[in-house]
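Peer 1: pasting the structure only:
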Ligand SMILES: NC(=O)c1ccc[n+]([C@@H]2O[C@H](COP(=O)([O-])OP(=O)(O)OC[C@H]3O[C@@H](n4cnc5c(N)ncnc54)[C@H](OP(=O)(O)O)[C@@H]3O)[C@@H](O)[C@H]2O)c1
């Protein structure tokens with residue numbers, strides 16, 4: 001019996017990186033999983049490899065999310081767990097040269113996409129008599145970067161709209177935890193630190209030590225190694241499972257001790 005045996009889990013952004021690891025881990029723990037992404041090719045590959053169900057969906061579009069959630073709930077026979085993972089940064093322009101279009105696009109992806117997912121799934125969690133929502137925030141929600149550190153990050157500081165949207169996700173989580181308690185719906189946030197996904201590793205020719213942001217995080221983290229996708233997936237499994245049945249309204253930093261070190 002896996003730790004998620006019998007759970008019906010919906011995951012956004014499950015085709016690469018952290019989400020892909022999460023789909024595989026949840027299936028491995030005995031859950032039935034439906035996930036979305038925009039790229040059908042990559043989605044189909046993950047579905048074939050894991051046995052999870054893939055649905056095409058753009059989380060910035062409320063109707064697209066509603067369609068995905070309804071189709072997933074029908075396929076799985078209901079929902080017990082929702083993981084709002086899809087996210088990222090649409091642009092990388094540095095402050096104060098932030099184009100309005102980039103600001104809006106990243107807020108749309110991270111904050112609005114998370115809200116649409118939680119809103120559409122809420123009635124299904126109510127119908128199940130409770131459940132667990134996990135939103136994926138970021139260390140960026142609380143990490144200020146001065147000019148001295150920017151050099152060590154190779155200029156790869158997340159832009160202001162990314163930081164603002166992730167901090168807002170934590171605020172949304174607190175609101176939903178407040179509203180969910182009476183219905184047995186737990187809502188928690190995970191703040192990954194820098195996680196070395198295959199996509200990021202590819203930028204550095206597969207050499208983790210060559211990652212231009214590594215000097216910054218090696219200094220910042222208490223644990224002197226890269227964060228891996230499974231580090232985040234393991235934390236999500238805990239919050240999705242009944243092992244965390246008395247945990248709600250919490251932020252779990254999965255960052256090698258970076259926040260503790262600040
Ligand atoms: N990696 C890190 O260091 C790190 C650190 C802190 C927080 N995070 C957060 O962790 C989450 C996953 O990050 P990651 O590094 O694993 O990213 P990733 O490898 O770029 O994966 C993003 C996933 O979301 C999907 N996606 C992107 N835009 C979407 C949209 N509009 N609608 C539906 N799906 C969409 C992507 O598929 P398609 O492109 O095909 O849609 C993909 O499946 C994000 O919320 C990110 O902000 C990551």
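Peer 2: Cool, the structure landed. Since the structure is predicted, the reported quantities are computational estimates derived from the model, not experimental observations.

Peer 1: What lies in contact with the lengthiest helix in the chain?
Peer 2: The residue-count maximum for a helix in the chain (DSSP state H) belongs to helix 160-180. Applying Cβ atoms under 8 Å, 6 or more residues apart in numbering, the external contacts of helix 160-180 come out as 84, 87-89, 91, 95, 98, 102-103, 106-107, 109-111, 114-115, 118, 125, 133, 135-138, 140-143, 185-189, 191, 248-249, 251. All C-beta atoms are positioned from the backbone trio N, CA, C, and that covers glycine.

Peer 1: May I see the buried residues of that helix?
Peer 2: 160-166, 168-170, 172-173, 176-177, 180 (16 or more other Cβ atoms under 10 Å).

Peer 1: quick one: contacts for the nearest residue to residue 129 once chain neighbours are set aside?
Peer 2: The shortest distance from residue 129 to any non-neighbouring residue, by Cβ to Cβ, 6 or more residues apart in numbering, is to residue 184 (6.2 Å). Contact analysis of residue 184 by Cβ under 8 Å, 6+ apart lists 129-131.

Peer 1: Let me know the secondary structure of the residue of the stretch 51-200 of the chain found nearest the ligand.
Peer 2: Distances between the stretch 51-200 of the chain and the ligand by Cβ to the nearest ligand atom are smallest at residue 87, namely 2.5 Å. Here residue 87 is recorded as coil under DSSP: H, G, I helix; E, B strand; the rest coil.

Peer 1: Can you read off the backbone torsions of it?
Peer 2: When read as degrees, to the nearest 10, the backbone of residue 87 gives phi 170, psi 180.

Peer 1: can you list contacts of the helix or strand containing residue 41?
Peer 2: Using DSSP states H and E, residue 41 sits in helix 40-50. By Cβ under 8 Å, 6+ apart, the residues outside helix 40-50 that reach it are 14-16, 20, 23-24, 27, 33, 35-37, 52-56.

Peer 1: Which of those residues are buried, as a PyMOL select command?
Peer 2: One line in PyMOL is enough to select the buried ones among those; burial here means 16+ other Cβ under 10 Å:
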select buried, resi 14+15+16+20+23+24+27+33+35+36+37+52+53+54+55
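
Peer 1: Check the contacts of helix 40-50 one by one and keep those near the ligand.
Peer 2: Subset of the contacts of helix 40-50 in contact with the ligand: 14-16, 36-37, counting by Cβ under 6 Å from any ligand atom.

Peer 1: Parallel or antiparallel, which strands does the longest strand along the chain pair with?
Peer 2: The longest strand of the chain (DSSP state E) is strand 185-192. With DSSP bridges as the test, strand 185-192 is paired with strand 131-136 (parallel), strand 251-254 (parallel).

Peer 1: Check which helices and strands whatever helix or strand comes next after the longest one sits against.
Peer 2: Going down the chain from strand 131-136, the next helix or strand is helix 147-152, by DSSP H and E. Judged by 3 or more Cβ pairs under 8 Å, 6 or more residues apart in numbering; DSSP states H and E, helix 147-152 is in contact with helix 214-220.

Peer 1: Can you pull out the low-pLDDT segments for this structure?
Peer 2: Applying pLDDT under 70 to the chain picks out no residues at all.

Peer 1: near the ligand, which residues of it?
Peer 2: Contact residues, the chain versus the ligand (Cβ under 6 Å from any ligand atom): 12-19, 36-39, 42, 57-60, 85-88, 109, 136, 138, 192, 194-195, 197, 199.

Peer 1: Mark which of those are buried, thanks.
Peer 2: Buried members of the residues of the chain next to the ligand, counted by 16+ other Cβ under 10 Å: 12-19, 36-37, 57-60, 85-87, 109, 136, 138, 192, 194-195, 197.

Peer 1: what's the closest of the buried residues of helix 160-180 to residue 149?
Peer 2: residue 163 (14.0 Å; Cβ to Cβ).

Peer 1: Measure how far the longest helix of the chain is from the centre of its chain, please.
Peer 2: Relative to the centre of its chain, helix 160-180 is centred 12 Å away, using Cα atoms, centre = their mean, to the nearest Å.

Peer 1: and if you look at stretch 134-146?
Peer 2: How far stretch 134-146 lies from its chain's middle: 12 Å, per Cα atoms, centre = their mean.
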